[in-house]
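In: fold the following, please.
(4 chains)
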2 protein chains.
Amino acid sequence: MEPVQTEETGPARDARDAPDGQVLGQMIRDARKEKGLTLEEAAKAAAIGRSTLSKIENNLTKPSFDIIRRLMQTLDLKTPQLFVQSGDGDISGRRDYTLAGRGEHQETATYDHELLCTELTSKRMLPYISTIKARDVSEFESWVRHRGEEFMFVISGSLTLYTEHYRPLEMTEGDSVYYDSGMGHGCVSTSTEDARVLWVSL
Amino acid sequence: MEPVQTEETGPARDARDAPDGQVLGQMIRDARKEKGLTLEEAAKAAAIGRSTLSKIENNLTKPSFDIIRRLMQTLDLKTPQLFVQSGDGDISGRRDYTLAGRGEHQETATYDHELLCTELTSKRMLPYISTIKARDVSEFESWVRHRGEEFMFVISGSLTLYTEHYRPLEMTEGDSVYYDSGMGHGCVSTSTEDARVLWVSL
DNA sequence: GAAACTTTTTCCCTATTGGCAACAAATTTG
DNA sequence: CAAATTTGTTGCCAATAGGGAAAAAGTTTC
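Out: Okay, the predicted model is just below:
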């Protein structure tokens, strides 16, 4: 029996996927309201004109990147959602799960990766469980390096995390680390069993 | 003895923090080059004018948000770095770790959250380990809901994940799920011990 | 329910964007 | 090394963003 990976998408949601960020205004307004600010206050904080903000919220203008950036700071807007284009196969209203051990395996010389929740292709974070086969740094040809951020949680065993610019970090079950994955990095098991970690990269 | 949470930042990196996105042009140009595209190709792909792109890359214009968004898609630009204001404490070249059980606790009626890697304030993903105290859906006043995406991994115990639009999902140790956290959601332990899960939200 | 005040929207006007096309620079080809 | 082709930059101009101020809409107060 095949495991059901993804269930049907939820029904009739707001469905305001809206063409080309026509929702942007709404989002900004929501964010402002949530912070309990008036147009004037928010505008002043972001150092823009009252009217400008009004027009943006009502989608009467296509704001400059500069303005948006200022607003993001002021309103603590999370960057990503602003860029969600029209129904771009986004994950809105969706869910995908993977049962233990049923992920998509992908093996390298030093790692054995099990990709999780692979049905949801448009997700932004990439979660996977890895078994660290490497036992010595020398097994790595070079640093693993890819623009972005990465979070790692040790599920079992113990290991040493090597990262560029830093001294090696010893980790065991339950420990976690967050780092700029643009820095070179690599793991080596130090327990008798190969260590297993959960990685989420972005 | 206090655990060292964050080590010193790596040395002398590029250090082009640059005031108010004067680097934006450079970043875009880099991204384009990296994809091996000419101005023409990139511009066409993003449906903007050749010249416009040129001017943007040379910082001769303050592009509109709309234009930037199109470029981001075309060039696979990662959102965050564009918004990094001058030295805003971004994570480039940084690392932060938390030992098992040493996270920052934050308790609610139904959960007991332990925030991880809290020294790195500007990170984009939010990782935390939660103990699910709730034993029945009725304990939730309403759906938990926050714009974004969320990944959950069951560390121990078993639970039922309730999500809006879907039928409840039974999960045990090692299972994982990824969902749009804009959908209402909530967990309830079903094992004798309170279930423990790792959440990463964005 | 009118007056006083707050909050938001609408005009108006100048500064600037963004696209087209001509130009310059760089690269390839014969 | 000139011609041909491609890639990047600059003028030009219509379209429009963004700020100030006035008008309108929404609240509160008496």
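
In: in contact with the spatially most central residue of chain A, which residues?
Out: The residue lying closest to the centre of chain A (C-alpha atoms, centre = their mean) is residue A:125, at 3.7 Å. By C-beta atoms under 8 Å, 6 or more residues apart in numbering or on different chains, the contact list for residue A:125 reads A:200-202, B:125, B:149, B:151, B:178, B:200, B:202. Backbone N, C-alpha and C define where each C-beta goes, glycine included.

In: now residue A:176
Out: A:151-154, B:97-98, B:116-117, B:127.

In: so which of those wins on neighbours?
Out: residue A:151 (28 neighbours; other C-beta atoms under 10 Å in any protein chain shown).

In: that residue bridge partners, please.
Out: residue A:178, residue A:200 (DSSP bridges).

In: what's the pLDDT at it?
Out: Residue A:151 is assigned a pLDDT of 95 by the prediction.

In: dump the contacts of residue A:176 to CSV, plus secondary structure.
Out: Listed next are the contacts of residue A:176 as CSV, based on DSSP: H, G, I helix; E, B strand; the rest coil:
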residue, secondary structure
A:151, strand
A:152, strand
A:153, strand
A:154, strand
B:97, strand
B:98, strand
B:116, coil
B:117, coil
B:127, strand
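
In: of all those residues, which comes closest to residue A:54?
Out: Nearest to residue A:54 among the contacts of residue A:176: residue B:127, at 37.9 Å, using C-beta to C-beta.

In: residue A:153 is in contact with that closest one, correct?
Out: Yes. Taking contacts as C-beta atoms under 8 Å, residue B:127 lies within contact range of residue A:153: 7.3 Å.

In: what residues sit buried inside stretch A:129-141?
Out: Buried positions in stretch A:129-141, judged by neighbour count with 16 or more other C-beta atoms under 10 Å in any protein chain shown: A:129-134, A:140.

In: off-centre distance for it?
Out: Offset of stretch A:129-141 from its chain centre (C-alpha atoms, centre = their mean, to the nearest Å): 25 Å.

In: try stretch A:160-170
Out: 23 Å.

In: touching that stretch from outside, list them.
Out: For stretch A:160-170, using C-beta under 8 Å, 6+ apart, the contacting residues are A:137, A:143, A:152, A:158-159, A:171, A:177, A:179, A:183-188, A:190, B:7, B:9-11, B:93, B:95, B:97.

In: and with 7 Å instead?
Out: A:137, A:143, A:171, A:177, A:179, A:183-188, A:190, B:7, B:10-11, B:93, B:95, B:97 (C-beta atoms under 7 Å, 6 or more residues apart in numbering or on different chains).

In: span of stretch A:128-141 from start to end?
Out: 22 Å (C-alpha to C-alpha, to the nearest Å).

In: ok, that stretch near chain B or not?
Out: No. Stretch A:128-141 stays clear of chain B (C-beta under 7 Å from any C-beta of the partner chain), getting no nearer than 8.1 Å.
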